[in-house]
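Colleague: I would like to see how this sequence folds:
(chains A, B, C and D)
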2 protein chains.
Amino acid sequence: MDVDTRLLRYFAAVAEEGNLTRAADRLFVSQPALTKQIRQLEARLGATLFTRSRAGMSLTAPGRALAERVPELLAAWDRARREAANAAGRAARVLKLGAMASGANEATQDVIAAFARLRRGWRVEMRQAAWSDPTAGLAAGDVDAALLRLPFPGQDALRVEPLFTEPRWVALPAAHPLATRELIAFRELWDEPFVAARPETGRWRDYWLAADERDGRPVRIGAIADRPDDWLGAIANGYGIALAPESAARFYARPGIVYRPLSGVAPSTVAVAWAPADDADPVVRDFVRCCLAAAAPQRSGDGPGPRPDAR
Amino acid sequence: MDVDTRLLRYFAAVAEEGNLTRAADRLFVSQPALTKQIRQLEARLGATLFTRSRAGMSLTAPGRALAERVPELLAAWDRARREAANAAGRAARVLKLGAMASGANEATQDVIAAFARLRRGWRVEMRQAAWSDPTAGLAAGDVDAALLRLPFPGQDALRVEPLFTEPRWVALPAAHPLATRELIAFRELWDEPFVAARPETGRWRDYWLAADERDGRPVRIGAIADRPDDWLGAIANGYGIALAPESAARFYARPGIVYRPLSGVAPSTVAVAWAPADDADPVVRDFVRCCLAAAAPQRSGDGPGPRPDAR
DNA sequence: TGCGTCCATAACCTGGCGGCATGGATGTCG
DNA sequence: CGACATCCATGCCGCCAGGTTATGGACGCA
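Modeller: From the prediction side, this is the model:
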């Protein structure tokens, strides 16, 4: 008997939620559609998977048996899919590079140019990640390498090579009273509302709220953004202000938004990251080497930072 | 990204066959349908899975990566599905019993009656298996126990408890010269064409051709049948004769077919079989106990049983 | 008694799958 | 050298499965 993984996801969602309506909501389908699908799954298996009551849907014995297997099944499919995609990338000589919005700055171009020289016939394919995925697809295996800013959650499970640092500035609505100041002390912003990343992003979110550098003062959250566009919009509309790397002033310049230098916050570190499984991959190694090489000039200008040792 | 297991089966078939047309044939779909599906799979994965040539379809690197995972994925789904079905059987208090056509004879009713007495509230659900599945669904985990005739392929991986033996007779077209004889010696049938099971059924097929008891003389195959209906039809139409347990004379009596006692072939043994995984299952154990109890009277008497009225 | 919360049902629409017929490319053979 | 065979791709069409909205029925709760 055949199933669609979609159907399995539906089933898993209902099993977890114990409630059709909420599960339907989570799956972005209507509740009747979900009802039909679950009933059909039951019909096809010839087994009752849930007992219905006004309290919701609770698993029966066969339902539990299935629910136990489904997650690993979905995971297995996902792995298979990714393995194929990776093989396809290799075959097409494409290095997939994840980048957090405003990940690296101008250096990115140098890196890619250097890589193109080193690996003739290869091509770098960049994909911008939303802030809700702080490893830019690396943790999920969707990319071969990523340009990220430290610290980020999941960092310890990956190889990380710091490249250079960059001062953190502040992005303000143009109408903000401080927007005309040449230099702002972070202390002056402690009571401002901030545009933050989603709470799930943990350390990363805290870092860009400079939670450690506000002397214990709580942060006011004015808005939550997951992508640069939302972020810029939120700031321009006055929902809050936000820290940003200096280069954002060039890459995310926009009417209604002003970037200003900041004192009293540590600079931001850009790093290249890759999966430990790719340690031996010559292409990934070459790419990392290019990153270190391209970063060298900037790094010297920017104070200490670990010595570049191209491996 | 979602897939249907059907799509994975399609992919696996093409990967194995290396040829769309043949794969389509094997999958019972048209070749254009398969073409479309494979192309769609490629589109969804964003990877080329096959290189097309007039020689056929051969896997690319990503194709190989996928082909490596797909079989285990399908197997995992099948396992999950069966586990759920088994749990459903338990929950509904159903013991699923596989039976090879003409598996057990009149004893079946006694067994089921005994089980019904021992396990109140439980119910036996019988499913007839085609000869192409010599374990009657036991090997695949579709049933909890099976009534089979020894020997059958796959026997060693299962628990088998012999119940009783029954003489083997011969089924002849009514018009056959020997059809009026009271007793036939197997030797007289050596040159007759036989209606046999599919070649894949190995030992089982050989046993019912009595390949070991024809003194090295080769078997002539007149027809191949997979189900009792085909089998009866083939015999009645004169394509060949066949050995059959004595009880077939009662259970598969049909105009145009005559059953006659045979000398010179060993009797057939009926056994109950179950999966080793169910050794500790109290319900299966009870069922086996009922089988042994119901078989006891016949086992001692062995020969006669109810009078056969071969017409 | 009216309201909110569940799940089920009804009616309708649409996209995708499968089937048939056919086309295009490329060997093969009389 | 043309006829043929073998593969895969394409065009067109009918049908069903899955989705949506609107609504119903059961039940607990204030």
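Colleague: Stretch A:274-283 vs chain B: in contact?
Modeller: No: Stretch A:274-283 lies apart from chain B when judged by C-beta under 8 Å from any C-beta of the partner chain; the minimum separation is 14.2 Å. C-beta coordinates here come from the backbone N, C-alpha and C atoms, glycine included.
Colleague: residues touching the residue nearest to A:G238 when sequence neighbours are not counted, list them.
Modeller: Once flanking residues are discounted, A:G238 sits nearest to A:P173: 4.9 Å by C-beta to C-beta, 6 or more residues apart in numbering or on different chains. By C-beta atoms under 8 Å, 6 or more residues apart in numbering or on different chains, the contact set of A:P173 is A:A179, A:I235, A:A236, A:N237, A:G238, A:I241, A:G256, A:I257, A:V258.
Colleague: what's the distance between A:P173 and A:L232?
Modeller: 10 Å (C-beta to C-beta, to the nearest Å).
Colleague: Can I get the buried part of the contacts of A:P173 as one ChimeraX selection?
Modeller: Per 16 or more other C-beta atoms under 10 Å in any protein chain shown, the buried members of these correspond to this ChimeraX selection:
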select /A:179,235,236,238,241,257,258
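Colleague: I'd like the contacts of A:P173 laid out as a markdown table, including distance to DNA strand C and pLDDT.
Modeller: Shown next, in a markdown table, are the contacts of A:P173 (distance: C-beta to the nearest atom of the strand, whole Å; pLDDT from 0 to 100):
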| residue | distance to DNA strand C | pLDDT |
| --- | --- | --- |
| A:A179 | 44 | 88 |
| A:I235 | 35 | 94 |
| A:A236 | 36 | 93 |
| A:N237 | 32 | 92 |
| A:G238 | 34 | 90 |
| A:I241 | 37 | 94 |
| A:G256 | 38 | 91 |
| A:I257 | 39 | 93 |
| A:V258 | 44 | 93 |
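Colleague: of all the contacts of A:P173, which comes closest to A:L148?
Modeller: A:I235 (22.1 Å; C-beta to C-beta).
Colleague: Helix or strand: which one has the closest one?
Modeller: helix A:228-236 (DSSP states H and E).
Colleague: Between A:P173 and A:L232, which contacts overlap?
Modeller: A:I257.
Colleague: what residue ranges in chain A score low on pLDDT?
Modeller: A:102-104, A:297-311 (pLDDT under 70).
Colleague: Spatially central residue for it, please.
Modeller: Geometric centre of chain A, nearest residue: A:D133, 2.2 Å, by C-alpha atoms, centre = their mean.
Colleague: Let me see the backbone angles for that residue.
Modeller: For A:D133, the backbone dihedrals (degrees, to the nearest 10) come out as phi -120, psi 90.
Colleague: For the stretch 1-150 of chain A, what lies in contact range of chain B?
Modeller: So the stretch 1-150 of chain A meets chain B at A:1-6, A:9, A:45-49, A:60-66, A:69-70, A:72-73, A:76-77, A:79-81, A:83-88, A:90-91 (C-beta under 8 Å from any C-beta).
Colleague: State whether A:A114 is indeed within a helix.
Modeller: Yes: per DSSP: H, G, I helix; E, B strand; the rest coil, A:A114 lies within a helix segment.
Colleague: Chain neighbours aside, what residue packs nearest to it?
Modeller: A:A114 sits nearest to A:C290 (C-beta to C-beta, 6+ apart), 4.0 Å away.
Colleague: Residues touching the helix holding A:I235, excluding its own?
Modeller: A:101-102, A:171-174, A:195, A:222-223, A:225, A:240-242, A:252, A:254-257.
Colleague: Which neighbouring elements make contact with the top helix by length along chain A?
Modeller: In chain A, taking DSSP state H as the definition, the longest helix is helix A:61-91. The contact analysis (3 or more C-beta pairs under 8 Å, 6 or more residues apart in numbering or on different chains; DSSP states H and E) places helix A:61-91 against helix A:5-17, helix B:31-45, helix B:61-91.
Colleague: Could I get the buried residue list for the following helix or strand past it?
Modeller: The helix or strand immediately downstream of helix A:61-91 is strand A:94-100, counting by DSSP H and E. Using 16+ other C-beta under 10 Å as the test for burial, strand A:94-100 gives A:L95, A:K96, A:L97, A:G98, A:A99, A:M100.
Colleague: swap in stretch A:7-16?
Modeller: A:L7, A:L8, A:R9, A:Y10, A:F11, A:A12, A:A13, A:V14, A:A15.
Colleague: If we check DNA strand C, which of those are in contact?
Modeller: Residues of the buried residues of stretch A:7-16 in contact with DNA strand C (C-beta under 7 Å from any atom of the strand): none.
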